[in-house]
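Student: Got a sequence here, can you model it:
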Amino acid sequence: MGGFAALLIALSTAMHSSLSHEVSHGHPLPSRRWSEALVWPAIGLLVPYERFRDTHLAHHRDERLTDPHEDPESNFLDPADWAVLAWPARWVMRANNTLAGRMIVGPAIGMVRFWRADLREWRNPSVRHAWLQHALGTLPVVGWLVAMGTPLWIVALGTYGGLSLLRIRTFLEHRAHERAAGRSVIIEDAGPLALLFLNNNLHALHHAAPRVAWYRLPALYRVRREEILRRNRGYRFGSYAEIFAAYFFRAKDPVAHPLMTALACPKRDDQPRSSAIRATSAAVDTSVSTGVPASSAGISPLASALPSSTPH
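Tutor: Next up is the predicted model:
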């Protein structure tokens with residue numbers, strides 16, 4: 001019974017996170033206030049929705065994708081930071097770059113980074129407000145769990161398990177690439193994980209057209225598949241099973257950002273190393289089928305394949 005309860009909490013945590021992601025982009029309702037009401041109370045317990053929303057939208061500045069300094073969701077480290085990392089931390093970070101490691105230690109690493117960043121920003125009123133709102137939002141969840149007599153260890157195991165499930169999606173959704181459009185993956189999976197992640201496995205399409213709701217992504221992808229794969233330089237996997245087979249015990253990427261290493265960009269007080277990534281990124285990338293820079297309209301021409309009723 002305890003195992004089933006932990007599984008239910010894990011699935012609820014993962015689905016709540018997937019829905020929170022969609023709400024952060026303005027889906028599924030025309031009203032932002034009503035959409036955000038859908039992710040209350042705070043089922044995920046550990047991450048305030050408003051802080052997730054703000055950091056995730058910062059992640060969507062595609063010219064900075066994977067930048068360890070400017071992409072809040074990057075899993076890469078600056079080579080200079082990697083060079084001075086103690087060997088136990090190096091071992092953990094290398095393990096974290098396998099899918100097994102990402103599922104086991106990845107949630108802990110991610111939460112420590114997230115909480116540490118928010119502690120540095122604690123003087124910001126919006127950060128404090130987000131955590132206050134989150135604390136209030138956890139009360140009904142905690143009250144229900146207490147009323148049900150759910151042991152703390154089951155809650156902890158289920159919550160961590162939900163974060164582990166999410167690490168399957170985020171494991172390789174971005175790679176280091178000279179072009180920003182080539183940094184986001186397509187995983188052509190239509191199974192239970194695609195449902196749990198609300199089609200965010202079509203990640204390159206999501207980054208090209210973030211205002212397109214999750215339930216419209218598969219149809220759009222079928223129509224524009226060749227263009228999307230050409231735009232993301234063929235960064236594609238056939239299924240999550242393929243990813244498990246290839247990378248469960250094997251690292252896909254180095255820990256240190258390879259573009260920063262290759263460019264040997266010196267770190268100066270007046271110019272962060274991360275500027276080298278932007279210098280080779282999407283500033284010259286163009287959207288599919290047009291000569292218009294992808295960042296100029298806020299939404300890719302890919303979305304034009306859909307009816308105008310797509311929620312914004």
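Student: CA atoms for contacts and neighbours, from now on please.
Tutor: Will do.
Student: Could you list the buried residues of stretch 250-260?
Tutor: For stretch 250-260, a neighbour-count test (16 or more other C-alpha atoms under 10 Å) marks Arg250, Ala251, Lys252, Asp253, Val255, Ala256, His257, Pro258, Leu259, Met260 as buried.
Student: where are the low-confidence patches of the stretch 1-150 of the chain?
Tutor: 1 (pLDDT under 70).
Student: which residues in it form helices?
Tutor: Assigned by DSSP state H, counting those that start in this stretch, the stretch 1-150 of the chain shows helices spanning 2-24, 32-37, 49-59, 79-83, 87-96, 99-104, 106-120, 125-147.
Student: right, and these - which one's nearest Ala156?
Tutor: Proximity to Ala156 (C-alpha to C-alpha) singles out helix 2-24 among the helices of the stretch 1-150 of the chain, at 8.3 Å.
Student: and stretch 158-173, how far out from the chain's middle?
Tutor: 10 Å (C-alpha atoms, centre = their mean, to the nearest Å).
Student: for stretch 183-200, same thing?
Tutor: Distance, stretch centre to chain centre, for stretch 183-200: 12 Å (C-alpha atoms, centre = their mean).
Student: Would you mind measuring the gap between the ends of that stretch?
Tutor: By C-alpha to C-alpha, to the nearest Å, the extent of stretch 183-200 from end to end equals 15 Å.
Student: Just the residues contacting it, thanks.
Tutor: With contact meaning C-alpha atoms under 8 Å, 6 or more residues apart in numbering, stretch 183-200 is reached by 11, 14-15, 18-19, 65, 166, 169, 172-177, 201-207, 214-215, 217-218, 229, 232, 235-240.
Student: ok so Arg167 is a helix residue?
Tutor: Yes: assessed by DSSP: H, G, I helix; E, B strand; the rest coil, Arg167 belongs to a helix.
Student: picking up where we left off before, inside helices: which ones of the buried residues of stretch 250-260?
Tutor: Among the buried residues of stretch 250-260, the ones falling in helices (DSSP state H) are Pro258, Leu259, Met260.
Student: Take these and lay them out in a markdown table including distance to Leu29 and pLDDT.
Tutor: Below are these laid out as a markdown table (distance: C-alpha to C-alpha, whole Å; pLDDT from 0 to 100):
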| residue | distance to Leu29 | pLDDT |
| --- | --- | --- |
| Pro258 | 40 | 95 |
| Leu259 | 39 | 94 |
| Met260 | 40 | 89 |
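Student: Looking at these, which is nearest Gly182?
Tutor: When those are compared against Gly182 (criterion: C-alpha to C-alpha), the nearest one is Leu259, at 13.3 Å.
Student: where's that closest one relative to His177, distance?
Tutor: 7 Å.
Student: what's the neighbour count on the spatially closest residue to Leu166 that is not a sequence neighbour?
Tutor: Excluding the flanking residues, the one nearest Leu166 by C-alpha to C-alpha, 6 or more residues apart in numbering is Ala14, at 6.1 Å. A count of neighbours around Ala14, defined by other C-alpha atoms under 10 Å, yields 26.
Student: Nice, that's everything, thank you.
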